[in-house]
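# here is a sequence with its predicted model. Questions after.
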Amino acid sequence: MRTLRALVAAALLCLVPVLSAHAAADLAYDFENGTTQGWGPRGGGVSVTVTPDAAHGGTSSLLTTGRTATWHGASIAAPFVRGVGYTVTAYARQVSGRPAATIALTVQRTPTGGSTTYERVAAATVTDGGWTRLSGSYLFTAESADVQLYAESSDATGEFYLDDIVVTPLGDPTREPVSSDFEDGTAQDWASRAAATLQPSAEAAHAGSRSLAVSGRSASWDGPALNVLGRMAKGDKYALSVWVRLGPEATAGRLGLSIERRTGGTPSYERVVSPKDVAAGEWVQLSGTYTLAYDVDFLSVYVESDTGTFPFYLDDFSMKYIQPKPIQTDIPALKDKVPFVMGSALTRPDALGVHGELLARHFSGVTPGNELKWDATEPREGEFTFADGDFLVDFATRHGMTIRGHTLAWHSQTPDWVFQNADKELLLRRLETHVRTLVTRYKGKIAAWDVVNEVVDENQPDGLRRSKWYEIAGLDFIRTAFRVAHEADPDAKLFINDYNTEFPRKREALYALVKRLKAEGVPIDGVGHQLHLNIEYPPASSVEATIERFATLGVDQQITELDVSVYTDFVSSYDTIPPELLVQQGHRYKELFDVFRRQAAKLSSVTVWGESDDVSWLRSWPIPRLNAPLLFDDDLQAKPAYWGVVDPSRLSPAVRRLEAPAGTPKVDGKRDLEWDLLPDSPVARVGDVSAGFQARSSGKGLYVLVEVTDPTAGEDDRVTFTVDGTSYVVKRTGGSYIAKGTGTPHVVKRTGTSYAVGWTGGGLKAAVRPTPTGYRVEALIATGTNTDVTVSDSAGASTSWTGKVTAAPAVKLTSAAHRTPVLDGAVDRAWSAAPEIRTATWIQGTSGATAKVRSLWSGSTLYVLAQVADPTLSEESPNPWEQDSVEIFVDPGNGKTKGYEDDDGQYRISFSGRITVGGTFDAGGVKDHVKAVTRTVPGGYVVEAAIELPTITLAPGTLLGFDAQVNDASGTARTSAVTWNDNTGRSYLDTSHWGVLRLTQG
């Protein structure tokens, strides 16, 4: 039922007609059903009855008698919503024999904090000789209580009839915008949630001259709230925005925007915008969307902090209805284009309106995102709540969808009571009760359960996460959860689910755990791979390697939480996502679904973590930012990502970019050290053919390397290089290596299994060697920008890399000798064996502090010595990167990625020895791996650091991604920064431009 009608349902015994959910229709009172339809007497002794004695239309009207004052009459709780205009019409007639009088329709209301007011809506002179029409309009804007519409007469004792009263909204209140700018000097209906004081203020304003000052808060949740009951309709989406600024004397704080809703007196709280940093003196916008998914009797939007009770200002609030676009019905359904269950995560709002239509059309399976987690289903011991879970399960059942239950045991979103005062026996008893209750309730409805979620930590010696579950119960919590789930529903498929399984260390840790548990007889049916990826990394081949690895255990596999972020790091943010990134994302989805289709015999389901971009969790994690990781956009329209799954021929060509660092590798078909400084750029697999590609720039031309995976040799296997329209073809087998260029091709040399091909007149050449998985092509071709590398085999399979290749500075290489120095800040003799490098690549300024840097290694430890020339030292800034310091960057795998992997580290040591560490998320995988000693010396300082690298085995020949940076401070500001290799200024986000450190024996 429409929200406006819900507001007055208690007062109206009968509403005619019944309104649709979103119609801005009339409210009509014709009294034809024999009731007063909610109208009652106003004043002592007054009687209001339905009578057949007179009627304007039909056979009945409303008769008012017993009046003794002019304001006596008939009244009703007014069906008016603040901020919405109405026209009101009615027909009136005096009872026979009564003299003419003025009959009026009037509104009574009491504004918040004010006195009761009476406002005339319509009036006319009415006689007993016929029906007179009353007509007028009405609008009120101040928050008010006791709003009544009533009829009165200038004749204090007059009796009169009313009929065909019609209230017509000039706009649907759930569609009308709500705004607050405080320019009128009032709080504009904002009220305190508790003790906070709200005061319009001219001390600060985002726009105009006033804002709302909030002070005297009693808790982080205490502050300004606005009643929006009746202004949102169930199933509709709204855009909310407000500007906030810290108040006087507040130096830092985080503010967010939330919704409080109540149904039957039970409150619930939902985030619209997670708390954001608000710097002193700056206005910050909090903006997000919200879909009302419940019937409510209270609805409020409010601003809160994550901690603290600091004062703040708010200004320029707006709430606007978002008109949905119809879903596209002229495009193929996703579920019809894949050979497995095509699933989507969903929450309650996603099952309503056009979102529900999209789900039903395109997906054959669903995973409730939060509604079946422990905090949602058993917030207090023994008190189970299933309303939301039942709603989503019923939705899926009605639409013939399979359902994944997510999740029974997890270290996150588990209430504190579960672990409170718990020994192993009690904890496992609580777990058994919870698992048995949920699985039994949904037996026969939920086809698969994520029984345990994210229990692996590859950084631990045994590969297991040190959660409270593990600390109290060890592996027995996993064994118990699977056993009980199987007992409760033997037909449900039981999964262990985790993220980063596409990375080798996490893959092998989970593999070992599953293998062990299956050997013990634990009823694990399958492994879930979350696959929260980005548009560049990791390569699709890593995903395929994971699927193939777990297939050896004979378990079912499912992709459970797929999305593809447009960002490669955790800091960057776009105001508008560049269209070329969405095209790139489409090709990324194409590569991934190529893998899934090839591996369909090993995969039973692929689930994307949300149906459309507007509901993605990546809009708020790891930071609030615009992201578009899914197959449909904010308007539920198909994106290039959708076409990458359904019909890749609809995609625009992807234009990739590759840097060609300066270099002159020998063209002999051997992979020398020059190529190992960087990883190969992947060329996607088609059939059994895939490749990796690199380039180096020089004055002689463009050196290229292609590592081809093609297990079956054929006469027509070949690699074609096309640069700015000129093609060069190199074949794989026999003596018929052909190269097509500007000159006449001919084979110039054949030695054993190595072939060299040259072109007369151009000095260009190529060489080919077989490898265990295929063959390698190395060539020197003409320099150009627009480049295509196509790998083809004799069976007709073909895959390519297309993009722009640009010259770049050489990748710097240094070495670390095998020695163990004393970590004391002194330059001892061990360091004499280490070559010296210097920071000379300026990323801020052109002069300032610099360093001479050396490296050693021993066991699993990398040692770094930095001797810094800096005569003036400062740590005055609260920001560590603005203090005099040395930053050491280490990538154990030399992955050269555009983000950090979990064992990549940024280790910052100030001149006084203060250590700060950066990396993925909170740098949890590396933050405890560094020790350092510093010493000030004449003209500067010395940093000596020891960095543990437990994720790899250090040995002669090992290559590490490596760089060093010196920050030079003056007072509270950083005045310059200089690195060894990386010239981008993004070393703290991106490992792709670091140099390389090679470990040696001596």
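Done, it's in.
# in this structure, which helix is the longest?
As assigned by DSSP state H, the longest helix anywhere in the chain is helix 579-598.
# I'd like the next helix or strand past that one.
The element immediately downstream of helix 579-598 (helix or strand, assigned by DSSP states H and E) is strand 603-608.
# who touches that following strand?
Residues outside strand 603-608 that contact it (Cβ atoms under 8 Å, 6 or more residues apart in numbering): 338, 340-345, 365, 367, 402, 404, 448, 493, 526, 547, 556-563, 593, 596, 630-631. Where you see a C-beta, it was placed from the backbone N, CA and C, and this is true even at glycine.
# and if you look at stretch 31-45?
Residues contacting stretch 31-45 (Cβ under 8 Å, 6+ apart): 8, 11-16, 29-30, 47-50, 58-62, 64, 66-69, 71-77, 148, 150, 152, 162-163.
# on the three-state scheme, the residue lying closest to Glu882 once chain neighbours are set aside is what?
Nearest non-adjacent residue to Glu882, counting by Cβ to Cβ, 6 or more residues apart in numbering: Arg974, 4.2 Å away. At Arg974, secondary structure determined by DSSP: H, G, I helix; E, B strand; the rest coil is strand.
# just grab the bridge partners of Arg974 for me.
In this entry, Arg974 is beta-bridged to Ala969, by DSSP bridges.
# what residue lies at the spatial centre of this structure?
Nearest to the mean C-alpha position of the chain, by Cα atoms, centre = their mean, lies Leu618 at 0.7 Å.
# low-confidence ranges in this protein?
Along the chain, the parts satisfying pLDDT under 70 run over 1-25, 734-764.
# now Ala280: how far from Glu203?
For Ala280, the distance to Glu203 equals 14 Å [Cβ to Cβ, to the nearest Å].
# cool, Trp410 as well?
From Trp410 to Glu203 the distance is 46 Å (Cβ to Cβ).
# those two: which has the busier surroundings?
Trp410 (19 against 11; other Cβ atoms under 10 Å).
# any idea how far Asp828 is from that one?
Trp410 is 49 Å from Asp828, by Cβ to Cβ.
# could you do Asp647 as well?
65 Å.
# now do stretch 256-273: distance to the chain's middle.
Distance of stretch 256-273 from its chain centroid, counting by Cα atoms, centre = their mean, to the nearest Å, is 21 Å.
# correction: stretch 557-565
14 Å.
# likewise stretch 787-794?
Centroid displacement of stretch 787-794 relative to its chain, using Cα atoms, centre = their mean, is 36 Å.
# can you pull the buried residues of it?
Thr787, Val789, Thr790, Val791, Ser792, Asp793 (16 or more other Cβ atoms under 10 Å).
# shouldn't the second one be in contact with Leu705?
No - using Cβ atoms under 8 Å, Val789 is not in contact with Leu705, being 10.0 Å away.
# any shared contact partners between these two?
Phe693.
# quick revisit: quick one, the longest helix of the chain and strand 603-608 angle?
Angle between the axes of helix 579-598 and strand 603-608 is 160 degrees (criterion: axes from the mean of the first three to the mean of the last three Cα atoms, to 10 degrees).
# same for helix 579-598, what does it pack against?
helix 540-551, strand 556-565, strand 603-608, helix 640-646, strand 681-686 (3 or more Cβ pairs under 8 Å, 6 or more residues apart in numbering; DSSP states H and E).
# centre of the chain versus the fourth one, how much separation?
So that's helix 640-646. The answer for helix 640-646 is 20 Å, by Cα atoms, centre = their mean.
# quick one: buried residues of the helix or strand following it?
Using DSSP H and E, the next helix or strand after helix 640-646 towards the C-terminus is strand 656-661. By neighbour count on 16+ other Cβ under 10 Å, the buried set for strand 656-661 is Arg656, Leu658, Glu659, Ala660, Pro661.
# now do strand 656-661: which elements does it pack against?
strand 689-698, strand 798-808.
# for these, could you give me JSON lines that also reports mean neighbour count and distance to Thr329?
Listed next are the helices and strands packed on strand 656-661 as JSON lines, based on neighbours: other Cβ atoms under 10 Å; distance: least, Cβ to Cβ, whole Å:
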{"stretch": "strand 689-698", "mean neighbour count": "23", "distance to Thr329": "37"}
{"stretch": "strand 798-808", "mean neighbour count": "17", "distance to Thr329": "34"}
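# can I get those strands in CSV with distance to Ser218?
Formatted as CSV, these follow (distance: least, Cβ to Cβ, whole Å):
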stretch, distance to Ser218
strand 689-698, 61
strand 798-808, 57
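# quick one, which of the ones you listed is nearest to Gly389?
Comparison of those against Gly389 by Cβ to Cβ identifies strand 689-698 as nearest, at 42.7 Å.
# report the angle between whatever helix or strand comes next after that closest one and strand 681-686.
Following strand 689-698 in sequence order, the next helix or strand is strand 701-709 (DSSP H and E). In terms of direction (the same axes, to 10 degrees), strand 701-709 departs from strand 681-686 by 40 degrees.
# list the contacts for Thr141?
Here Thr141 is in contact with Arg82, Gly83 (criterion: Cβ under 8 Å, 6+ apart).
# please redo it, this time with the cut-off set to 6 Å
By Cβ atoms under 6 Å, 6 or more residues apart in numbering, Thr141 lies in contact with Gly83.
# strand partners of the one helix or strand Ala92 maps to, parallel vs antiparallel please.
For Ala92, the host element (DSSP H and E) is strand 86-94. Strands that pair with strand 86-94, judged by DSSP bridges, come out as strand 132-138 (antiparallel), strand 160-169 (antiparallel).
# show residues contacting the last one.
It stands for strand 160-169. Residues from elsewhere that reach strand 160-169 (Cβ under 6 Å, 6+ apart): 24, 26-30, 54, 56-57, 61-64, 79, 84, 86-94, 103, 151.
# what sits up against stretch 799-818?
655-663, 677, 683-684, 686, 689, 693, 695, 697, 785, 787-791, 833-835, 837, 855-857, 981, 995-1002.
# and stretch 683-697, by the same measure?
By Cβ under 6 Å, 6+ apart, the list of residues contacting stretch 683-697 reads 591, 660, 662-663, 675, 680-682, 702-711, 789, 791, 793, 797, 799, 801, 805, 807.
# okay, how far is it across that stretch, tip to tip?
Stretch 683-697 has its terminal residues 20 Å apart, counting by Cα to Cα, to the nearest Å.
# turn the buried residues of stretch 787-794 into a markdown table, columns for secondary structure and distance to Ile915.
Below are the buried residues of stretch 787-794 laid out as a markdown table (DSSP: H, G, I helix; E, B strand; the rest coil; distance: Cβ to Cβ, whole Å):
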| residue | secondary structure | distance to Ile915 |
| --- | --- | --- |
| Thr787 | strand | 44 |
| Val789 | strand | 44 |
| Thr790 | strand | 49 |
| Val791 | strand | 47 |
| Ser792 | strand | 53 |
| Asp793 | coil | 53 |
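# among those, which pair sits farthest apart?
Thr787 and Asp793 (20.8 Å).
# ok so, going back, mind listing what's buried in the longest helix of the chain?
Applying 16+ other Cβ under 10 Å to helix 579-598 flags 581-596, 598 as buried.
# all helices of the chain, in order?
3-8, 353-362, 374-377, 387-398, 424-441, 468-473, 476-488, 504-519, 540-551, 579-598, 640-646, 673-676.
# let me know which of those helices is tucked in deepest.
helix 640-646 (a mean of 25; mean count of other Cβ atoms under 10 Å).
# can you tell me what sits against that one?
Pro332, Lys337, Leu582, Val583, Gln585, Gly586, Tyr589, Lys590, Phe593, Leu631, Arg650, Leu651.
# just curious, which of the residues you listed is nearest to Arg210?
Once Cβ to Cβ is applied, the member of those that ends up nearest Arg210 is Leu582, at 41.1 Å.
# any idea how far the closest one is from Asp416?
Relative to Asp416, Leu582 is positioned 42 Å away (Cβ to Cβ).
# same question for Ser542.
From Ser542 to Asp416 the distance is 37 Å (Cβ to Cβ).
# run a quick neighbour tally on the spatially closest residue to Ala101 that is not a sequence neighbour.
Closest residue to Ala101 apart from its sequence neighbours, by Cβ to Cβ, 6+ apart: Asp155 at 3.7 Å. Other residues near Asp155 number 18, with proximity taken as other Cβ under 10 Å.
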